[in-house]
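# this one's sequence-less:
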């Protein structure tokens, strides 16, 4: 993991928790939408990057749809568990170019930027909102 990503993760832990569940849901779907648009854009240029983008976007949508928060379709997982999965998805997003063999190509930047965005959103989200910590 590059140094700037490690620094972002450390900084995210200290960020103010100002993102509500509704705002977080909107950010989740926006991040997934960027992945899906990226897949369409990359399809003819770099098939591995496009597939990686589809997988990361699908993981974001699945996490959002299964969460018990505004924007979720099925209350299968708690908001706090959603936060743990968000951190995992950010790590997978950052690793996708290396895992799929295109880390030395310009398309890898999409994944770095998305991982950074996911980490910042996650770092600024109050996952204790429903336990009464965020009201």
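Nice, I can see it. Quantities reported herein were computed from a predicted structural model and do not represent experimental measurements.
# ok so residue 90 is a helix residue?
Yes - per DSSP: H, G, I helix; E, B strand; the rest coil, residue 90 lies within a helix segment.
# and the helices in this structure?
3-14, 21-42, 47-65, 79-99, 108-123 (DSSP state H).
# and the residue lying closest to residue 129 once chain neighbours are set aside, what is it in contact with?
Counting by C-beta to C-beta, 6 or more residues apart in numbering, residue 21 is the residue found nearest to residue 129 once chain neighbours are left out, at 5.6 Å. All C-beta atoms are positioned from the backbone trio N, CA, C, and that covers glycine. Contact analysis of residue 21 by C-beta atoms under 8 Å, 6 or more residues apart in numbering lists 69-71, 79, 129-130.
# so which of these is the most crowded?
Compared across the contacts of residue 21, residue 79 has the highest neighbour count, 22 neighbours, by other C-beta atoms under 10 Å.
# that residue and residue 86 touch, don't they?
No - look at residue 79 against residue 86 with C-beta atoms under 8 Å: they stay out of range, at 10.3 Å.
# low-confidence stretches in the protein?
1-14, 131-135 (pLDDT under 70).
# give me the residue at the spatial middle of it.
Centroid-nearest residue in the chain: residue 118, 3.9 Å away (criterion: C-alpha atoms, centre = their mean).
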